[in-house]
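Enquirer: Kindly return the folded structure for what I paste below:
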Amino acid sequence: MFHSLRWRIAIPYVLLIVLCMLGLGIYLSNVIRQNYLDHLEAQLTTAARLIGDAARPALGNNPDIPALDALAKHDARMLGMRVTIIALNGTVVGESDEDRALMDNHLNRPEVAQALAQGLGSKTRLSTTLQIPMLYLAIPVPVDPEASNPNDPVSGIVRIALPLKQVEANIAQLRNILITATLLVTGLAIILATLIASRTTRPVRQLTQAVQQMASGELPVQSVHSSLDEIGQLTQAFNIMSIKLGDQINALETERGKLSAVLQKMTDGVIIADADGHIQLVNPAAEYMFSISQVNSMGRSLAEVTRQHQVVDMWQQSYSTGEWKNASFEVSNKKFYLQGIATPLGPALAGSTLLLFQDITRQRQIETMRRDFISNISHELRTPVAALKALTETLQDGALEDPPAARRFLERMETEVDSLSLIVTELLELMRIESGRVPVDLKPTSPVDIVLPAAERLSLQVERANLILTVDCPDTIPPILADASRIQQVVVNLLHNAIKFTPQGGQITISAAQQPQAVLFSVKDTGMGISPEDLPRIFERFYKVDRSRASSGTGLGLAIALYIVEAHAGKIWAESEVNQGSTFYFTIPLA
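Expert: Numbers count the residues shown, from 1 in each chain. So this is what the prediction gives:
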C-alpha cells in the first residue's frame, strides 16, 4: 500500500491550512471592519440628528444661509468632522470645509438620495470635492412644527462626512497581523510539503524531462527511474512507447524526405488547396510559375495568390464533382502557357485538391511555329509554282509554235526556278545554322574587312537604285572575334533590305563603333520604316512587312542574320519609325 503514489502525495492538508488561514483572515478583517463602520455610523447618526435639530429653525422655504453656514462650521470644529447642510432642492446652504457657493447640487449624491428615500443614507466613497475616501451619512431634517402650511414633511438634509484614514489604518494593522500569521503557517506547511513531495515527485520530474526531450525532437534512450509503484509502471510504458515512436518517426522522416525531394525537383508546379480553396502546399516550380512565395501563400485563397480565374474554376469543378478537371491558360505576366489538372485527394486528405501545372509554352511555340512555317512556305512556293504551271500550260497550248513568245516564257520560267532555288537554298542554310552543322571559324578580324567588302558587293545595286551609300568604319577599331564570311553575310542581308525599302534619292549608312566589350555595327536607311506592330516580328522566318508579299525576297534574310549573330554571342535588334527610316544594330564581342 505504501508503494502507491497516492499515499505519498497525501499532503493536501497544506493547501487546506493555507486556504483556511486565508479565508479566516479575510473573513475576520471584513467582520471587524464592518463592525467598526457600524459603530461609527451610529455615532455619526446621533451627531447628525443633533445638528439637524439645531438647523431646523433656519431651514424651510427661505433658509437662513449665513446662519446655517456658521452652524456647519461650528459643529464641524466641535466634532472633528465635515458637516454639510443641504436644502430640499439639493442646494448646499451650509458647508464646513469648502466654499458652499462653488459646490454643485447635492440632490443626486447617493447618500442624500438614500436618506430622502429611506430616512437614513450612508455611503463610503471618494469625495468629489476633496478627492479622498470618506464615510458619508445623511439624514433628513423634519419640518419645524412652528412652520405654517408646510409643503413637505422634510425641510432639508444634514450630511456628515468623516475621512476613513483612521478606520483603514486600524483595519490595516489587524490585517497585517493576520497576514503575518498566515504567511508563517503557510511557510511551515510549504517546507514540510516540499521535503515530502521532493523525494516522491523526483521520478515524475525525470519523466517530464524525458517527455520534453521527445517534444523537442530528441528521443530519450530510456527513462532513468524504475520502481514498483504507479510511476514505475508509467516509466516502463513510456520506454516502450518511446522506442515504437522513434521507429515510426524515422520511417515518417524517410518518407517525408522522399516526398520533399520529389516536390523540390519537379519541373511541374504543385499546389494543394483545402475545402475552402486556401493553399496548404506550394512547390518551387509553382512559385516560379505564378511569381509567388510559399511563405506569403500559405493559408491564402487560390484567387488571391494565383490571380487566374481558370485555376479557381478548375478547382471548384473538381471539388464539387469529385472528378479530375483540366484547363489551359496563359500567365500574362510571365508570357507562357500552363496546362492545369485538378484532382481530389480523397480519403488521404479529405476535402483537399491537388493542382498540377505543366509548362506547355515551348509546345505551343513549336505548334505556332509549325503552323506559321507551313503557311509561309506554302505561300512562298505557291507563286513560283503557279507561274511555272501557267507558263507550262501556255507552252503546251501552242506557244511553242511562236519562238519569240516561247523564249520569253522560258526566260520567265528560269526566273521562277531561280526563285524556288533561292528559297530552298536559304531554307537549307537556315536549317544547317540552327542545327549547328555549320561551323563558325572564329578569328580576330578587323571590322573594316567586314564592312567594306559587303558595301562593295552591293555597290552596283546601290547605283541602280539611285541611292547614296556612306561607310563609317574607322581603322582604329580593334578586331573582333568572328567568322568574317558569316558576319559579311549579315551586313549584306541588312544592306540588301535597306536598298529594297529605300526610295530613290535616299541615303544608307553603314557604321561601326567600339563599345567596352564589343563592336556595334549598324545599317541605317531613310526608307519607309517599320510599323510598331511589325517591329517585334521582323526576325521571324518568312515574316514580311509587306502584307501583300508583293515585294521580292523570301523573308529568311533577317532570320539567318539573327542566328549568325547569336552564334557569335552577339545581339541584333532594330529601331524604326514609319516614313522616317530604320536602323538595324548588332554587336560582336571584341577579340
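Enquirer: all contacts plus neighbour counts: C-alpha atoms, from now on.
Expert: Noted.
Enquirer: So which residues of the stretch 101-250 of the chain form strands?
Expert: Counting by DSSP state E, counting those that start in this stretch, one finds strands in the stretch 101-250 of the chain at the ranges 121-126, 133-142, 154-163.
Enquirer: ok, of those strands, where does mean pLDDT dip lowest?
Expert: By mean pLDDT, the lowest-scoring of the strands of the stretch 101-250 of the chain turns out to be strand 121-126, with a mean of 84.
Enquirer: ok, and what's touching that strand?
Expert: 41, 110-115, 132-139 (C-alpha atoms under 8 Å, 6 or more residues apart in numbering).
Enquirer: Could you write me a PyMOL select line covering just the buried ones among those?
Expert: Typed into PyMOL, the next command selects the buried ones out of the contacts of strand 121-126 (criterion: 16 or more other C-alpha atoms under 10 Å):
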select buried, resi 41+110+111+112+113+114+115+133+134+135+136+137+138+139
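Enquirer: picking that back up, possible to save the strands of the stretch 101-250 of the chain as TSV with distance to residue 259?
Expert: Written out in TSV, the entries for the strands of the stretch 101-250 of the chain read as follows (distance: least, C-alpha to C-alpha, whole Å):
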stretch	distance to residue 259
strand 121-126	70
strand 133-142	71
strand 154-163	77
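Enquirer: if I pick residue 501, what's in contact with it?
Expert: Applying C-alpha under 8 Å, 6+ apart to residue 501 gives the contacts 527-528.
Enquirer: elements contacting the top helix by length along the chain?
Expert: For the chain, the helix that runs over the most residues, judged by DSSP state H, is helix 165-215. Packing contacts for helix 165-215, counted by 3 or more C-alpha pairs under 8 Å, 6 or more residues apart in numbering; DSSP states H and E, involve helix 5-8, helix 12-55, helix 230-265.
Enquirer: Swap in 6 Å and give it another go.
Expert: With contacts defined as 3 or more C-alpha pairs under 6 Å, 6 or more residues apart in numbering; DSSP states H and E, helix 165-215 has these neighbours: helix 12-55.
Enquirer: And the helix it packs on, what does it pack against?
Expert: Under the contact criterion of 3+ C-alpha pairs under 6 Å, 6+ apart, helix 12-55 touches helix 165-215.
Enquirer: any idea of the angle the helix it packs on forms with helix 12-55?
Expert: Counting by axes from the mean of the first three to the mean of the last three C-alpha atoms, to 10 degrees, helix 165-215 lies at 150 degrees to helix 12-55.
Enquirer: Let me know the helix or strand that residue 343 is in.
Expert: Take DSSP states H and E as the rule and residue 343 turns out to sit in strand 336-344.
Enquirer: Residues contacting that strand, please?
Expert: In this structure, residues lying in contact with strand 336-344 by C-alpha atoms under 6 Å, 6 or more residues apart in numbering are 315, 324-330, 353-361.
Enquirer: and those residues, which of them are in helices?
Expert: For the contacts of strand 336-344, membership in helices holds for 315, 361, with DSSP H as the criterion.
Enquirer: Could you list the low-pLDDT ranges of the stretch 301-450 of the chain?
Expert: Scanning the stretch 301-450 of the chain for pLDDT under 70 picks out the ranges 333-334, 369, 372-381, 383, 418-419, 422-423, 425-439.
Enquirer: wait, is residue 540 part of a helix?
Expert: No - the assignment for residue 540 (DSSP: H, G, I helix; E, B strand; the rest coil) gives coil, which keeps it out of a helix.
Enquirer: Tell me who's in contact with it.
Expert: Each residue near residue 540 by C-alpha under 6 Å, 6+ apart is listed here: residue 559.
Enquirer: Just the pLDDT at it, thanks.
Expert: The predicted structure scores residue 540 at 76 on the pLDDT scale.
Enquirer: how far away is residue 355 from residue 42?
Expert: In this structure, residue 355 and residue 42 are separated by 84 Å, where distance is defined by C-alpha to C-alpha, to the nearest Å.
Enquirer: The two: which is more packed in?
Expert: In this view residue 355 and residue 42 are compared by other C-alpha atoms under 10 Å, and residue 355 has more residues nearby, 24 against 13.
Enquirer: now the more buried one, which residues is it bridged with?
Expert: Beta bridges link residue 355 to residue 271, residue 342, judged by DSSP bridges.
Enquirer: I'd assumed residue 269 was in contact with it.
Expert: No - with contacts counted by C-alpha atoms under 6 Å, residue 355 stays clear of residue 269, the gap being 8.0 Å.
Enquirer: Nearest residue to the middle of this protein?
Expert: The structure's the chain has its C-alpha centroid closest to residue 296; by C-alpha atoms, centre = their mean the separation is 4.5 Å.
Enquirer: what about the spatially closest residue to residue 461 that is not a sequence neighbour, neighbour count?
Expert: The spatial neighbour of residue 461 that comes closest, neighbours along the chain excluded (C-alpha to C-alpha, 6 or more residues apart in numbering), is residue 499 at 7.6 Å. A count of neighbours around residue 499, defined by other C-alpha under 10 Å, yields 26.
Enquirer: One more: residue 324?
Expert: Burial measure for residue 324: 18 neighbouring residues, criterion other C-alpha under 10 Å.
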